[in-house]
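Colleague: Show me the folded form of this:
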Amino acid sequence: MAKTSGPLFSLGASGKFGGAAVYSIWKGITYVRQLVTPANPKSAAQGAQRLVIASAGKVNKVLDIAGTLATFLRTVTPNGQSYASYFAQQMLLHIDQSTTDYNTGGNAAIKAFFDNGAADAAIESAVVSYAADTPIEPGLSLWNAYQTAFVLGSPSAAGTALTADQAEVDAFVVAML
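Modeller: This is a model prediction of the structure:
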């Protein structure tokens, strides 16, 4: 990025020029940079990544900032990062194992606890139209949030998602809201 002193002979120039350069001000410093049009690939692989991120976002959307889980997350979040972004980052690390456990490891009763809990919390399905994978269902999103909270040491998640009972899932939903 080049620093300028009077771009285009105007001290306050900003915006696109000639489809090749962009003039702007950053923290009081005028500068010029090349105009770049970002790509937005809609490949199956990109869709899969966006699907996982959407799933974490659907959980964070229902988190109450004054809730027990959010209060706990603030205590373990590194400085300079929001608790919601930290929780989403941690959920992204656990989504593959959570998906496997939810689909193959958990029995129908445990899955139903999470499906019902997700409905109670109003967690939405994560859908990306061009993703190769199917939408991430709300129950899986809640399962992943519960497992992530357990790994982080939250008292709201008493045990692993694989061994959770109805009361533990209900308590976790209450801690979120």
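Colleague: The chain: helices as residue ranges?
Modeller: Shown for the chain, the helices assigned by DSSP state H span residues 44-62, 68-76, 83-100, 108-121, 138-152, 166-176.
Colleague: what's the most buried one of these?
Modeller: Comparing these by mean neighbour count (mean count of other Cβ atoms under 10 Å), helix 138-152 ranks first with a mean of 26. Every C-beta, even on glycine, is put in place using the N, C-alpha and C of the backbone.
Colleague: sorry, back to before: which one, of the helices of the chain, ends up nearest to residue 28?
Modeller: Nearest to residue 28 among the helices of the chain is helix 83-100 (27.8 Å), distances taken as Cβ to Cβ.
Colleague: ok, back up a step: would you format the helices of the chain as a markdown table with distance to residue 19 and mean pLDDT included?
Modeller: Converted to a markdown table, those look like this (distance: least, Cβ to Cβ, whole Å; pLDDT from 0 to 100):
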| stretch | distance to residue 19 | mean pLDDT |
| --- | --- | --- |
| helix 44-62 | 27 | 86 |
| helix 68-76 | 45 | 91 |
| helix 83-100 | 35 | 89 |
| helix 108-121 | 47 | 87 |
| helix 138-152 | 42 | 90 |
| helix 166-176 | 48 | 88 |
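Colleague: Show me what the closest residue in space to residue 16 that isn't next to it in sequence bridges to in the sheet.
Modeller: Leaving aside its sequence neighbours, residue 16 sits nearest to residue 22 (Cβ to Cβ, 6 or more residues apart in numbering; 5.5 Å). When assigned by DSSP bridges, residue 22 has beta-bridge partners residue 16, residue 33.
Colleague: and residue 22, what is it in contact with?
Modeller: 15, 16, 32, 33, 34, 35 (Cβ atoms under 8 Å, 6 or more residues apart in numbering).
Colleague: Hmm, residue 143 and residue 115 touching each other?
Modeller: No: look at residue 115 against residue 143 with Cβ atoms under 8 Å: they stay out of range, at 9.1 Å.
Colleague: thinking again about what came up before, any chance of CSV for the helices of the chain, columns distance to residue 132?
Modeller: Below are the helices of the chain laid out as CSV (distance: least, Cβ to Cβ, whole Å):
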stretch, distance to residue 132
helix 44-62, 4
helix 68-76, 31
helix 83-100, 14
helix 108-121, 23
helix 138-152, 17
helix 166-176, 30
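Colleague: wait, which of the ones you listed is closest to residue 27?
Modeller: Each of those has some distance to residue 27 by Cβ to Cβ; the shortest is helix 83-100, at 23.1 Å.
Colleague: And this structure, what are its domain boundaries?
Modeller: Residue ranges for the domains of the chain, per automatic domain parsing: 2-34, 44-176.
Colleague: follow-up on the earlier one: quick one: closest of the helices of the chain to residue 130.
Modeller: helix 44-62 (4.4 Å).
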